[in-house]
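> quick one, fold the following:
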Amino acid sequence: MIELQWLIPLLPFLAALLVHLLGGRMGKRVARLSVGINLLVVVIAAFQLTAYIAGDTGPQWMGLANGWGSLQLDPLSAIMALVVSGISLVVHIYSVRYMIEEPGYGRFFMLLDVMTGSILLMVMAGDLITLLIAWHLIGVVLYFLLAHNTEPPTAQRYAFWTFITYRLGDLPLVLAAVILFQAYGVLDFPTLFERIAEMPDVRTFMDLPVTGTVAFLVALSAFAKSAQFPLHTWLPYTMEGPTPVSALMHAGIVNAGGIIINRFAPVFVHSGEILHLLFVVGLVTALIGSVLMLTQNDIKKSLGYSTMGQMGFMIMETGAGAFALAIFHLIAHGLFKGTMFLGAGNVIGAARKHDGVPNDPLYDFLVERKSAPARLPWLIIGAVTLIVPLVILVMAHAWVAEDFFQKQGAIVLLFFGWITGVQVLFATHRLDSENPVRMMALIILSFALIVVGYSFVGHSFETFLYPDEVFRNALYHAAGIDAVTFDMLVILLALIVVLGWMGAYLTNVSRQRIDEGHGNARLTLYSLFSREFYVADVYDRMTVTLLDFSKRLNVWLKWS
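Numbering: from 1, shown residues only. The predicted structure follows:
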């Protein structure tokens, strides 16, 4: 099993080397070689995960004598190795035909293999040095993948923008590794985390706590890699890269922030304030990403902001103490978003044939013989929308875990699940349907099945990823706040949701008068959203200012 552990990250690098060496002789057939080796990686990762779940093997660590250059097998590395290799295999297969007419066909597959190996090395790293090497290598290879097509200037520009952002994300993690090594004198994760558990109150320079300082630096690194506000602008602007790269980036690479936070969970369990920071930043990112997603007229850019919003939810879940749920979330999102990117071309092709503009109701009735749409009364839909999702969520979570409601983080996640359910049912009510009762019943049934499945799988996944119940509870406890403050926040957020529903009701009752009175405010909001809160403009202005300053400094110092 140890030998297989080494093969998982090494085989993709071997594939890249073979593609480079045999590219001139095999031509475009090297793509088959790359796909075949990656298929072997998936088989090995699946076998390893199956053996771990079956109990045939336990946590393992293997490295060089000095404690670096190591890999480890634990629940996190086992599950993520299969997910990463599986998504990479799908992207490889898709790229065989998609990239066939692009220049640098062999070079693309070589870079794709190096990226796969780098991600696998990151998720399976057993020490600080190996993790830093893989963390840095991901950003470098991503730059070359995004800039694969060297003709569009914007592709080169935003690939470099991504490269700079990733370098900003490297520095905090390097500093965190230095602090950990200075404080505890070891590199390998098993020994390091044991010493942190034994001595969590060690201080570093300026008498700062090691755990809090390291947790803050790891959080900063995760913010840059996972496109958290305001370091998010690189993600939606890299859409001119090849579609397979976008799929791999949004399905795997951007999830690195959630993975690195989970890897350092033994540090965050002693850093409650940093967990609160993760929650706030994740919440802001989720809201901004979701809003900006709705105002885009480019499907790939809309998917980019959708990913930003989902990464915000993932970081927010870690801030609530649900570390395992964040991993489950990023796996589900990776599979879903990768599929959407690979199918974006079909959506664009279908949109060219049909504009998507709904027909006039009179046309539907006279020409297509469709009945007029019907809707349920507002009072009935209001009660169903607010009460039914809450009942389903409470019953499902009470079924899988009796102590679920004793954890603040769990209640926060339940609250956001309720908001999501309300949004789904409200949006369903606004759709035109000949039989609204049947449509609403089907939506409620689907929502119930999804919630029950998600709750059961999520609870089982949490037990698998963190089998120590004491440690799981400690994470939730570290993310908690004062009980009175927490209750007040929940009541306030619930009132905001209810008032929002009442506002929607009033808008429906007197739509024309409200539209006339608030037209300018809506136009202002849309302008703000369409300009993406002017964050990119601020960065552009800062770039111009720095270039002007450098020119003046150059002249003043007479360097040229």
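
> looking at the chain, which helix or strand is least sure?
Lowest on mean pLDDT, DSSP states H and E among the helices and strands of the chain sits helix 511-517, with a mean of 49.

> okay but Ile259 is in contact with Ile327, surely?
Yes: judged on CB atoms under 8 Å, Ile259 makes contact with Ile327 at a distance of 7.4 Å. In short, each C-beta sits where N, CA and C put it, glycine included.

> so what sits against both of the two?
Common contact partners of Ile259 and Ile327 (CB atoms under 8 Å, 6 or more residues apart in numbering): 76, 80.

> quick one: what helix or strand has Arg97 in it?
Element membership for Arg97, per DSSP states H and E: helix 75-98.

> who's in contact with stretch 4-16?
Outside stretch 4-16, the residues that reach it (CB under 8 Å, 6+ apart) are 33-34, 37-38, 40-41, 44-45, 47-48, 60, 62, 71, 73, 81, 85, 88, 110-111, 113-114, 116-117, 120-121, 124.

> likewise stretch 95-110?
Stretch 95-110 is contacted from outside by 16, 19-20, 23, 27-28, 30-32, 34-35, 92, 112, 145, 148-149, 242-244, using CB under 8 Å, 6+ apart.

> flag the shaky bits of the stretch 251-400 of the chain, pLDDT-wise.
When residues are selected by pLDDT under 70, those of the stretch 251-400 of the chain lie in 298-299, 344-400.

> picking up where we left off before, could you turn the buried ones of the contacts of stretch 95-110 into a PyMOL selection?
Buried residues within those, by 16 or more other CB atoms under 10 Å, are selected in PyMOL with:
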select buried, resi 16+19+20+23+30+31+34+35+92+112+145+148+149+242+243+244
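
> ok, back up a step: now the element after the helix holding Arg97, going C-ward?
helix 105-124.

> next, the buried residues of that following helix.
105-106, 108-124.

> so it versus helix 75-98, what angle?
Comparing the axes of helix 105-124 and helix 75-98 via axes from the mean of the first three to the mean of the last three CA atoms, to 10 degrees yields an angle of 170 degrees.

> from here on, count from 496
I'll keep to 496 as the first residue from here, and by that count the last item is helix 600-619.

> follow-up on the earlier one: and Ile754 and Ile822? Which one has more around it.
Shown here are Ile754 and Ile822; by other CB atoms under 10 Å, Ile822 has more neighbours (27 against 23).

> now for the host helix or strand of that one, which elements pack on it?
Per DSSP H and E, Ile822 falls inside helix 818-837. Where contact means 3 or more CB pairs under 8 Å, 6 or more residues apart in numbering; DSSP states H and E, helix 818-837 is packed against helix 570-593, helix 738-746, helix 751-758, helix 794-814, helix 931-960.

> per-residue confidence for His1013?
The model reports His1013 with a pLDDT of 54.

> domain parsing for this protein?
What automatic domain parsing lists as the domains of the chain is 496-621, 650-840, 868-1009, 1021-1055.

> to Leu627, which of those lies closest?
Between Leu627 and those, the tightest spacing by CB to CB is seen for domain 650-840, at 5.9 Å.

> what is the neighbour count of Gly680?
Gly680 has 10 neighbours, counted by other CB under 10 Å.

> would you double-check that Gln567 falls in a helix?
No: if the criterion is DSSP: H, G, I helix; E, B strand; the rest coil, then Gln567 is strand and not within a helix.

> does it have beta-bridge partners, and which?
On the basis of DSSP bridges, Gln567 is bridged to Trp556.

> quick one: the helices in the stretch 646-795 of the chain, in order.
648-679, 684-693, 705-720, 738-746, 751-758, 760-763, 767-788, 794-814 (DSSP state H, counting those that start in this stretch).

> tell me the pLDDT at the nearest residue to Val530 once chain neighbours are set aside?
The spatially closest residue to Val530, leaving aside those adjacent along the chain, is His587, at 4.9 Å (CB to CB, 6 or more residues apart in numbering). At His587, the model reports a pLDDT of 88.

> residues in contact with His587?
Applying CB under 8 Å, 6+ apart to His587 gives the contacts 526, 529-530, 533, 604, 607.

> and if you look at Gly707?
765-766, 768-769 are the contacts of Gly707 under CB under 8 Å, 6+ apart.

> tell me how far Pro761 lies from Asp963.
With the distance defined as CB to CB, to the nearest Å, Pro761 ends up 11 Å from Asp963.

> the more surrounded of the two?
Just comparing Pro761 and Asp963: by other CB under 10 Å the higher neighbour count belongs to Pro761, 19 against 9.

> list the contacts for the more buried one?
Taking CB under 8 Å, 6+ apart as the criterion, Pro761 is in contact with 688, 691-692.

> mind putting the residues you listed into JSON lines with pLDDT and neighbour count?
As requested, the contacts of Pro761 are exported to JSON lines (pLDDT from 0 to 100; neighbours: other CB atoms under 10 Å):
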{"residue": "Phe688", "pLDDT": "88", "neighbour count": "17"}
{"residue": "Ile691", "pLDDT": "89", "neighbour count": "21"}
{"residue": "Ala692", "pLDDT": "86", "neighbour count": "12"}
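
> which of these sits closest to Glu812?
Nearest to Glu812, judged by CB to CB, of the contacts of Pro761 is Phe688 at 21.3 Å.
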